[in-house]
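Student: Quick one, structure for this:
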Amino acid sequence: MTRVEVDTPHGPARAELHCAEEGRAALLLGHGAGGGINAPDLVAATRAATDAGVHVALVEQPYRVAGRRAPAPAKQLDAAWLAVVEDLGERWFAELPLIFGGRSSGARVACRTAEAGEAQAVLCLAFPLHPPGKPEKSRAGEIDEVGNPVLVVQGERDAFGRPEPAHNREVVLVSGDHSLKADVDAVHRATSEWLTRVLRLID
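Tutor: Model prediction:
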């Protein structure tokens, strides 16, 4: 495991790199709004990816690196993320197909930037479809914009709702709530099975 710092337009970001033996692709994962890269679902997805021969970068946004709990505005998150993507793509993952992903807020960033960052697929852990109790404030447009394969792993009791399946989007329900802590083995299994299919498409 290697830690690297990346300059972005909004301050330094950090990435924790977990390298697979083969390196068939690279998965960049972002954290939730108030949490870090050690969230149980991110750890499970990292393990599934490296087992599948996919390098992983767990990306810490600049506001987290600076010690702030409150997330930055969406445009800043997206700009910082794309700066990390560009840097890691050149320095560490040259010539490899990139897969974006994250949990909660990080999943939203991954969806919003997938086209600009040329992501081949997107992994959404606990995608927050709407604020709790406010289904009218839907963020479906963010995930609907992704044209490449998408996996959503969502807790059955997630108060933030859940996206519907679509022609390019699989939705896997697991036990638990928005934290996805209740059944990390199911998160690992769903990620592993999806990555196997995605890698066949992009190899």
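
Student: excluding its backbone neighbours, what's nearest R169?
Tutor: V150 (4.2 Å; C-beta to C-beta, 6 or more residues apart in numbering). Placement of C-beta: from N, CA and C, glycine included.

Student: From what I see, that neighbour and Q120 are in contact.
Tutor: No: with contacts counted by C-beta atoms under 8 Å, V150 stays clear of Q120, the gap being 11.1 Å.

Student: In terms of neighbours, single out the busier of those two.
Tutor: Higher neighbour count among V150 and Q120: V150, with 29 against 18, using other C-beta atoms under 10 Å.

Student: Let me see the contact set for the more buried one.
Tutor: The contact partners of V150, taken as C-beta atoms under 8 Å, 6 or more residues apart in numbering, are C111, A121, V122, L123, C124, I143, A166, N168, R169, E170.

Student: want to try CSV for those, with secondary structure, neighbour count and distance to P97 as columns?
Tutor: Shown next, in CSV, are those (DSSP: H, G, I helix; E, B strand; the rest coil; neighbours: other C-beta atoms under 10 Å; distance: C-beta to C-beta, whole Å):
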residue, secondary structure, neighbour count, distance to P97
C111, helix, 25, 17
A121, strand, 26, 8
V122, strand, 26, 13
L123, strand, 30, 13
C124, strand, 27, 18
I143, helix, 23, 20
A166, strand, 13, 22
N168, coil, 12, 16
R169, strand, 18, 19
E170, strand, 15, 19
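
Student: So which of those residues is the closest to L58?
Tutor: L123 (12.6 Å; C-beta to C-beta).

Student: Please report how far that closest one lies from G102.
Tutor: In this view, L123 and G102 are 8 Å apart by C-beta to C-beta, to the nearest Å.

Student: what's the overlap in contacts for the two?
Tutor: Residues touching both L123 and G102 comprise L29, A110, with contact defined as C-beta under 8 Å, 6+ apart.

Student: Would you map the strands across the protein?
Tutor: 2-6, 13-18, 25-30, 54-60, 98-103, 121-125, 150-155, 169-174 (DSSP state E).

Student: chain center to the fifth one: distance?
Tutor: Same thing as strand 98-103. Taking C-alpha atoms, centre = their mean, to the nearest Å, one finds the center of strand 98-103 at 3 Å from the center of the full chain.
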